[in-house]
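[1] let's see this in three dimensions:
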Amino acid sequence: MVTMSPPSRHLVLRNANFRALWISSTMGILGGSVTAVALPVIAAVELGASDFAVAALSGMVFLPWLLFGLPVGVVVDRRRRRPVILVSLIARVVLLATLPVAYWMGVLSTAQLFIVSFLAGLAAVYFTLAEAALIPRAVAKEELIEGNGLMTGSGASADAVGRGLGGWLTHAVGASNSLLVQVAASVASCAAILRLNVEEPLPASTEKRHIWREMGSGLRYTLSTTPLRVLLLVAALWNLGGNIVVSLIVLLVVRTLGQTGTWLGLLMAATAVGGTLGGLSVKWLADKYGSGVVWRYSMFPAAVGYAALLLMTPGWGMLPGFFGMFLTGLAISMNIVVSTSFRQRVCPPDMMGRLGSATRMVSWGMLAVASLVAGILASTIGVRAGIVTGIFIAILAPVVASFGPLRGVRDLEDLAPMPEDGPPNDSPAEGGRGPGATAPVPEGIEAEGTRSRENSEAVLEK
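    Alright, predicted model coming up:
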């Protein structure tokens, strides 16, 4: 007699801690997507800001990653992450609430938009790093791709709803009033985090630890092996070129093509719908073809999707842009899931904050730089020429991935250090190595029948 085991329940249903993080993240993305549509519309329509200001505004939320990512990562590693998330979410609620209040009082200005965007982005640095550091504690290692796929997929769905809703709200009730959705969503995120019950041991005493040394250790760890360096370079190139394009979409739709904020929201929502499908299908594709293959080649169709924006014309002529942005969202969400899962797999838990901050300081810092570059391009060579420039820069990312040191690796998991290597030591007195001096390197890695074993060992030894 054969005993049939009951089907495994969905990760969201069987894991309460992951469910709390999932709800918090999804609600945060929903509100943030409404804000992402509303802020540039406030600047372009309600305040009549210049092309440079409209394009540069989208980078303000990412500028704190470039300026403060490393020290915030150290703070996150020194504290329990749950309180960090709660405090930063409350700060964001208060900051964003000042914008509709200022609008009602008739004193809202472009300067206030930039200041609030920057400070809200700083709060986002704290809760993003803390949330990412908690995911490996909420799920098992073998569940990381599933968990990150669900987070990315549901986040993209919330992004689609939020951007579509944001586009409609900016037309129906005004762009400034639509920011109240972000306030309500942040409150819902706080409620979900209050239900989180993850074991977080108290960090070691920080009396003799120096923040500059810990910042350096995080950056060194991020650059300590060829896989981590290549993933970082590829992400930075893509974000630089891709966000030049994204920063110019507002000007392309609202000013060049003369469409309303509703069209803008729907166009941005198409990206998120594609991201939903990509996040939900990436595990199957990674299992079938290999996570390294998905990571390398996913960005080529994403660049084609951006190029479709140049074919848009008013009315039904917007359709090429919708299909293109859907394709971009589909491909990029897959790339994000596999690269994030690899970093979480190889990084010791007490280094997650510093690894995340160092990685995002470079890759997300490029988003801020890209917005400033987009503003300059729009003011000098025009919106369409600026988009072409962004596409040429973005295409360098899949070229590096396909022809660089990781070109022969089928599965990124083959590059992960063996469990017995243990986490690197913070104390130079014990072994003489800080956590960023070198990543743990195994003597050999079994690639389980793939052709990447020899290549994986060579890559890790570089």
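[2] quick one: distance of the strand or helix carrying residue 344 to the chain centre.
    Using DSSP states H and E, residue 344 falls within helix 319-346. Centroid separation for helix 319-346 versus its chain: 10 Å, with C-alpha atoms, centre = their mean, to the nearest Å.
[3] same check, this time on stretch 270-282
    That offset, for stretch 270-282, works out to 14 Å (C-alpha atoms, centre = their mean).
[4] and what of stretch 33-44?
    19 Å.
[5] other residues contacting it?
    49, 53-54, 57-58, 96, 99, 108, 110, 113, 117, 158-163, 165-167, 169-170, 175-176, 178-179, 181-182, 185, 250-251, 254-255, 261, 264-265, 268, 272 (C-beta atoms under 8 Å, 6 or more residues apart in numbering). The C-beta positions use only the backbone N, C-alpha and C, and glycine is treated the same way.
[6] ok, now stretch 373-389?
    With C-beta under 8 Å, 6+ apart as the contact definition, stretch 373-389 has outside contacts at 50-56, 240, 243-245, 247-248, 251-252, 255-256, 306, 309-310, 390.
[7] buried subset of the residues you listed, written for ChimeraX?
    The buried residues among the contacts of stretch 373-389 can be selected in ChimeraX (16 or more other C-beta atoms under 10 Å) with this line:
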select :51,52,53,54,55,56,240,243,244,245,247,248,251,252,306,309,390
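[8] can you list the weak-confidence ranges in the stretch 351-462 of the chain?
    Scanning the stretch 351-462 of the chain for pLDDT under 70 picks out 352-353, 416-462.
[9] tell me the helix or strand right after the helix or strand encompassing residue 362.
    Assigned by DSSP H and E, residue 362 falls within helix 352-363. Of the helices and strands lying after helix 352-363 in sequence (DSSP H and E), the nearest is helix 365-380.
[10] relative to helix 319-346, how tilted is the helix or strand following that next one?
    Next along the chain after helix 365-380, taking DSSP H and E as the criterion, comes helix 383-394. Using axes from the mean of the first three to the mean of the last three C-alpha atoms, to 10 degrees, the inter-axis angle of helix 383-394 relative to helix 319-346 is 30 degrees.
[11] can you give the distance of the host helix or strand of residue 65 from its chain's centre?
    Using DSSP H and E, residue 65 maps to helix 63-78. Counting by C-alpha atoms, centre = their mean, helix 63-78 is centred 15 Å from the centre of its parent chain.
[12] tell me, how many residues neighbour the closest residue to residue 155 other than its chain neighbours?
    Sequence neighbours aside, residue 29 is the residue nearest to residue 155 in space, at 4.5 Å (criterion: C-beta to C-beta, 6 or more residues apart in numbering). Neighbours of residue 29 under the rule other C-beta atoms under 10 Å: 25.
[13] what's the burial count for residue 115?
    By the measure other C-beta under 10 Å, the count of residues near residue 115 is 14.
[14] ignore what I typed, I meant residue 217.
    24.
[15] residues in contact with residue 330?
    274-275, 277-278, 301.
[16] for the stretch 101-250 of the chain, give me the ranges with low pLDDT.
    140-142, 200-212, 214-215, 218.
[17] what segments of it are strands?
    With DSSP state E, counting those that start in this stretch as the criterion, the stretch 101-250 of the chain has no strands.
[18] helices of that one, start to end?
    Along the stretch 101-250 of the chain, counting by DSSP state H, counting those that start in this stretch, helices occupy 110-138, 144-172, 180-193, 211-222, 226-250.
[19] give me the spatial nearest neighbour of residue 299, chain neighbours excluded.
    residue 398 (3.8 Å).
[20] that should have said residue 259, apologies.
    Nearest residue to residue 259, sequence neighbours excluded (C-beta to C-beta, 6+ apart): residue 253, at 4.9 Å.
[21] my guess is that neighbour meets residue 267, correct?
    Yes. Contact criterion C-beta atoms under 8 Å: residue 253 and residue 267 qualify, at 6.4 Å.
[22] hmm, which of the contacts of residue 330 is lowest in pLDDT?
    Among those, residue 275 carries the weakest pLDDT, at 80.
[23] could you say which helix or strand holds it?
    Secondary structure (DSSP H and E) places residue 275 in helix 261-289.
[24] and the next helix or strand past that helix?
    Remark: after helix 261-289, the chain's next helix or strand is helix 291-297, criterion DSSP H and E.
[25] run through who's touching that next one.
    Contacts for helix 291-297 (C-beta under 8 Å, 6+ apart): 145, 231, 282, 285-286, 334-335, 338-339, 341-342, 398, 401-402, 406-407, 409-414, 452.
[26] I'd like to check the angle between the helix or strand just after it and helix 319-346, please.
    Beyond helix 291-297 on the C-terminal side, the first helix or strand identified by DSSP H and E is helix 299-307. Taking the same axes, to 10 degrees, helix 299-307 and helix 319-346 form an angle of 150 degrees between their directions.
[27] mind saving the C-alpha coords of helix 299-307 as PDB?
    The C-alpha coordinates for helix 299-307 follow below in PDB (Å, rounded to 0.1, in the frame of the first residue of the first chain):
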ATOM      1  CA  MET A 299      18.200  41.700 -20.100                       C
ATOM      2  CA  PHE A 300      18.300  41.500 -23.900                       C
ATOM      3  CA  PRO A 301      14.500  41.400 -24.300                       C
ATOM      4  CA  ALA A 302      14.300  44.000 -21.600                       C
ATOM      5  CA  ALA A 303      16.300  46.400 -23.700                       C
ATOM      6  CA  VAL A 304      14.100  45.600 -26.700                       C
ATOM      7  CA  GLY A 305      11.100  46.500 -24.600                       C
ATOM      8  CA  TYR A 306      12.600  50.000 -23.800                       C
ATOM      9  CA  ALA A 307      13.200  50.500 -27.500                       C
END
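[28] packing partners for it?
    helix 226-250, helix 319-346, helix 383-394, helix 396-403 (3 or more C-beta pairs under 8 Å, 6 or more residues apart in numbering; DSSP states H and E).
[29] and that helix, how far out from the chain middle?
    18 Å.
[30] follow-up on the earlier one: I'd like the helices of the stretch 101-250 of the chain as TSV, with distance to residue 41 appended.
    Output for the helices of the stretch 101-250 of the chain, formatted as TSV (distance: least, C-beta to C-beta, whole Å):
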stretch	distance to residue 41
helix 110-138	11
helix 144-172	5
helix 180-193	14
helix 211-222	36
helix 226-250	8
